[in-house]
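Trainee: Predicted coordinates and the sequence they were generated for:
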Amino acid sequence: MSKIVQGNFQILANKKVGVDYFKMEVGAPSVVKQARPGQFVHVRCRNSIEPLLRRPFSFHRLKRSSFEILYKVIGQGTNLLAKKRKGDKIDILGPLGNGFQLSSINYQLSTILVAGGMGVAPLLALAEAGVGKRSCPVLIGARTKREVLCAKDFKKLGAKVRIATDDGSLGYRGLVTDLLKKLLLSTKNCQLSTIYACGPKPMLQEITRLAKNFRIPAYGSLEENMACGVGACLGCAIKTKQGYKQVCKDGPVFNLQEIQC
Amino acid sequence: MPNLSVSLGKLKLANPLLVASGTFGYAGEYQDLVSLKKIGAIVTKTITLKAQKGNPPPRLCETYSGMLNAIGLENPGLQAFIDKKLSSLRKIGVPIIVSIAADTPAQFARIARRLSSIKSVAALELNISCPNLGKRGLIAQDPQATYRVVQAVKKATSLPVITKLSPNVTDISAIASAAQRAGSDILSLVNTFFGMAVDLPTRKPILGNTTGGLSGPAIKPQALWMLRQVFRATKLPIIGMGGIMNTRDALEFIVCGATAVAVGTANFVNPRVSVEIIAGIKDYLNKNKIKNIKQLVGSLKA
Ligand SMILES: Cc1cc2nc3c(=O)[nH]c(=O)nc-3n(C[C@H](O)[C@H](O)[C@H](O)COP(=O)(O)OP(=O)(O)OC[C@H]3O[C@@H](n4cnc5c(N)ncnc54)[C@H](O)[C@@H]3O)c2cc1C
Ligand SMILES: Cc1cc2nc3c(=O)[nH]c(=O)nc-3n(C[C@H](O)[C@H](O)[C@H](O)COP(=O)(O)O)c2cc1C
Ligand code: FES
């Protein structure tokens, strides 16, 4: 297990990358040293009483001595983050959680990445860790064209990117899980594939169903409200077939067939 | 060097800073982040006789300057706690206070008896914020029920007994006095305040359990006031808590009558807060030429 670090680290960049989307790079050698894709950091958005709790964000990119997070501005915490400037310090706790089991990824077999909305965030780190070296399919779903993120980054890695938008403003009109179903139907020996997914609950539920029908393994990165982030408060529980598990410690990556909704 | 050591009856601590039950797990979760051996005492998550699976999610949410939790006492049960958690806790080398809960005085006594036979347990904290069987409300809301639980535990153990009071009462000094009469060695307060939060778009409660316990800086003024009342109503040493975020907060509790203090929610925000407060108290005593922390306890000019 990776050693957890807490400290104030320097922001190397914090850029707007879309309507409400920002990308922040933080120089934190001690955090990235043992970090892996699928893990996350718990960020204190400001050193004051409000907002009280830290905010969890997945590693979007892991570099040699820094990491990036890709975040959507939602409420008080992310608004404060968006105002940070290059050179500011930020209080980071991490790396946290289990991350994707890279050892279980068999590069001979095909890997399919499925992202809904912000779900692209952890999947890029996964693709950069090697999965994308093969021309694996990456399916990205979003409400509209403006909310499609990272397509270029995945393409650069050689991935076969397919896009679905709710309004058809880019790519297929409809759900990203429809794309997944079509892909699985048209893939020979699709049972040799593995799915890695991140996105909203209904998307993950549909992927769980498809993966079960096609008999292929599927892993998803899940979210739940968090306080400690280290497994101490038992506040981020989700229901699994083996009882409650903590998203921050036992997850955030779970075998989707284990999850009970 | 000012003297930071405190005595809560028979329970001696190197410093007055504890970590509150349920906010520090079984300490191992924080070993990478905090120098655990510097903490005055560690209070474990509440243990029950049988394992409890806890409440359905979501179990927590943030509120104005605070948070609500409805964990539902998830814990592995007494035997698994002894087998799997206690040995690593013991190795830390600081007093370990085991928080316990049960439905009946007899069951409280049974857990207390079992833990008394274990050398590494320094004290027991009775979490009486649990349902008062056969009646409405909590044990901690009923002076008689509180009396019966404390009395049963005192008969079962020679360990120091800490009774943890709930703030969800009309008159906290009545409960504190009942605990004192029944032989409680120490009091701790406060546990969390009842509360709830609503998700307006769906008009549903945010917490899976609908209601939860409010903690954090939002409750500090109420906690201080309750501490003050209990300090005046009883002679027992008190562990004060409720919204302590920094050294100043901790000192305010001590001035109002707490012999020791506990940090809870603050651990989630800053895992090192307990050791930072210990250093901060030392600085304060030095700067104000106070030789012994005891001189501050209850020193409020009122
Ligand atoms: C493991 C994990 C990884 C995440 N990775 C990313 C990421 O890479 N990019 C990104 O944009 N977002 C990510 N999120 C969601 C992100 O944590 C929330 O969007 C953020 O906390 C919102 O904070 P706020 O103050 O702006 O919003 P508010 O809605 O004002 O927050 C109120 C409270 O609810 C909590 N909260 C709100 N939304 C979520 C959520 N979806 N999950 C958990 N807690 C929430 C906040 O932490 C805060 O305590 C992740 C969540 C988890 C659990
Ligand atoms: C997530 C969480 C879990 C808690 N679990 C317990 C518990 O198991 N037993 C208990 O006696 N108190 C429990 N508490 C209450 C705390 O020990 C403390 O009394 C309360 O949170 C007030 O202090 P604070 O404002 O510093 O957090 C819990 C509090 C929180 C926030
Ligand atoms: S957030 Fe505390 S256990 Fe997961």
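Mentor: Nice, thanks for sending it over. Ligands and ions are numbered 1, 2, ... in the order given.
Trainee: give me the number of residues near the residue of the stretch 151-300 of chain B found nearest ligand 2?
Mentor: Ligand 2 sits closest to B:Gly264 of the stretch 151-300 of chain B, with a gap of 2.4 Å, by C-beta to the nearest ligand atom. To be clear about C-beta, it is placed using only N, CA and C from the backbone, and glycine gets the same treatment. A count of neighbours around B:Gly264, defined by other C-beta atoms under 10 Å in any protein chain shown, yields 26.
Trainee: residues near the spatially closest residue to it that is not a sequence neighbour, how many?
Mentor: Leaving aside its chain neighbours, B:Gly264 sits nearest to B:Ala20 (3.6 Å; criterion: C-beta to C-beta, 6 or more residues apart in numbering or on different chains). Residues within reach of B:Ala20, counting by other C-beta under 10 Å, total 26.
Trainee: who's in contact with B:Ala20?
Mentor: Contact partners of B:Ala20, counting by C-beta atoms under 8 Å, 6 or more residues apart in numbering or on different chains, are B:43, B:241, B:262-264, B:267.
Trainee: same question, A:Lys145
Mentor: A:165, A:169-170.
Trainee: With B:Asp171 instead?
Mentor: By C-beta under 8 Å, 6+ apart, B:Asp171 has no neighbours at all.
Trainee: how much space is there between the residue of chain B found nearest ligand 2 and B:Ala101?
Mentor: Here chain B gets closest to ligand 2 at one residue, B:Gly22, 1.9 Å apart by C-beta to the nearest ligand atom. Distance of B:Gly22 to B:Ala101, computed by C-beta to C-beta, to the nearest Å: 11 Å.
Trainee: Likewise for A:Lys16?
Mentor: Here A:Lys16 is placed at a distance of 50 Å from B:Ala101 (C-beta to C-beta).
Trainee: between the two, who's got more neighbours?
Mentor: B:Ala101 (24 against 11).
Trainee: Run a quick neighbour tally on the nearest residue to that one once chain neighbours are set aside.
Mentor: Counting by C-beta to C-beta, 6+ apart, B:Asn127 is the residue found nearest to B:Ala101 once chain neighbours are left out, at 4.3 Å. For B:Asn127, the neighbour count with other C-beta under 10 Å is 27.
Trainee: which phi and psi does B:Asn127 have?
Mentor: phi -90, psi 100 (degrees, to the nearest 10).
Trainee: quick one, what contacts it?
Mentor: B:21, B:46, B:99-101, B:164, B:191.
Trainee: Would you map out the domains in chain A?
Mentor: Taking automatic domain parsing as the reference, chain A has its domains at A:5-96, A:102-258.
Trainee: got any ranges where the stretch 101-250 of chain A has weak pLDDT?
Mentor: Filtered on pLDDT under 70, the stretch 101-250 of chain A yields the residue ranges A:103-109, A:131-134.
Trainee: For it, just list every one of the strands.
Mentor: Applying DSSP state E, counting those that start in this stretch to the stretch 101-250 of chain A gives strands spanning A:111-116, A:137-142, A:160-165, A:172-173, A:194-198, A:218-221, A:237-240, A:243-246.
Trainee: Heading C-terminal from the helix or strand harbouring B:Glu125, find the next helix or strand.
Mentor: According to DSSP states H and E, B:Glu125 maps onto strand B:121-127. Reading on from strand B:121-127 to the C-terminus, the next helix or strand found by DSSP H and E is helix B:143-156.
Trainee: who's in contact with the next helix or strand after that following helix?
Mentor: Reading on from helix B:143-156 to the C-terminus, the next helix or strand found by DSSP H and E is strand B:161-164. With contacts defined as C-beta under 8 Å, 6+ apart, strand B:161-164 is touched by B:8, B:21, B:97, B:99, B:112, B:123-129, B:140, B:146, B:150, B:153-154, B:179, B:183-189, B:191, B:239.
Trainee: Given strand B:161-164, what are its sheet partners and their directions?
Mentor: Here strand B:161-164 has these sheet partners by DSSP bridges: strand B:121-127 (parallel), strand B:186-189 (parallel).
Trainee: Any part of that strand near ligand 2?
Mentor: Yes: judged by C-beta under 6 Å from any ligand atom, strand B:161-164 and ligand 2 are in contact via B:Lys164.
Trainee: The lengthiest strand in chain A close to ligand 1?
Mentor: Counting by DSSP state E, the longest strand found in chain A is strand A:5-16. No: against ligand 1, strand A:5-16 shows no contacts by C-beta under 6 Å from any ligand atom, the least distance being 13.4 Å.
Trainee: got the buried residues for the very next helix or strand once past that strand?
Mentor: As assigned by DSSP H and E, the chain's next helix or strand after strand A:5-16 is strand A:21-27. In terms of neighbour count (16 or more other C-beta atoms under 10 Å in any protein chain shown), strand A:21-27 has its buried residues at A:21-26.
Trainee: Most proximal residue of chain B with respect to ligand 1?
Mentor: B:Glu62 (3.7 Å).
Trainee: hey, what's that residue bridged with?
Mentor: Here B:Glu62, judged by DSSP bridges, has bridge partners B:Met67.
Trainee: any idea how far A:Ala151 is from it?
Mentor: B:Glu62 sits at a distance of 33 Å from A:Ala151 (criterion: C-beta to C-beta).
Trainee: residues from the stretch 151-261 of chain A in reach of ligand 2?
Mentor: Applying C-beta under 6 Å from any ligand atom, we find that the stretch 151-261 of chain A lies next to ligand 2 at A:227, A:233, A:235.
Trainee: just the stretch 201-302 of chain B next, same as before
Mentor: Counting by C-beta under 6 Å from any ligand atom, the positions of the stretch 201-302 of chain B adjacent to ligand 2 are B:215-216, B:219, B:241-244, B:263-266.
Trainee: so which of the residues you listed comes closest to ligand 3?
Mentor: Nearest member of these to ligand 3, counting by C-beta to the nearest ligand atom, is B:Thr265, at 11.3 Å.
Trainee: what about the closest one, how many neighbours?
Mentor: For B:Thr265, using other C-beta under 10 Å, the count is 29.
Trainee: Let me see the contact set for the residue lying closest to it once chain neighbours are set aside.
Mentor: Excluding its sequence neighbours, the residue lying closest to B:Thr265 (C-beta to C-beta, 6+ apart) is B:Gly216, at 4.2 Å. Residues near B:Gly216 by C-beta under 8 Å, 6+ apart: A:52, B:65-67, B:243, B:264-266.
Trainee: Make CSV from the residues you listed and add pLDDT and secondary structure to it.
Mentor: Shown next, in CSV, are these (pLDDT from 0 to 100; DSSP: H, G, I helix; E, B strand; the rest coil):
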residue, pLDDT, secondary structure
A:Leu52, 98, coil
B:Ser65, 97, coil
B:Gly66, 98, strand
B:Met67, 98, strand
B:Gly243, 98, coil
B:Gly264, 98, coil
B:Thr265, 98, coil
B:Ala266, 98, helix
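Trainee: ok, the residues you listed vs A:Gln260, which is closest?
Mentor: The nearest member of these to A:Gln260, counting by C-beta to C-beta, is B:Met67 at 25.6 Å.
Trainee: who's in contact with the closest residue to B:Val263 other than its chain neighbours?
Mentor: Leaving out its chain neighbours, the residue that sits closest to B:Val263 by C-beta to C-beta, 6+ apart is B:Ile244, at 5.0 Å. Neighbouring residues of B:Ile244 by C-beta under 8 Å, 6+ apart: B:220, B:250, B:253, B:261-264, B:266, B:277.
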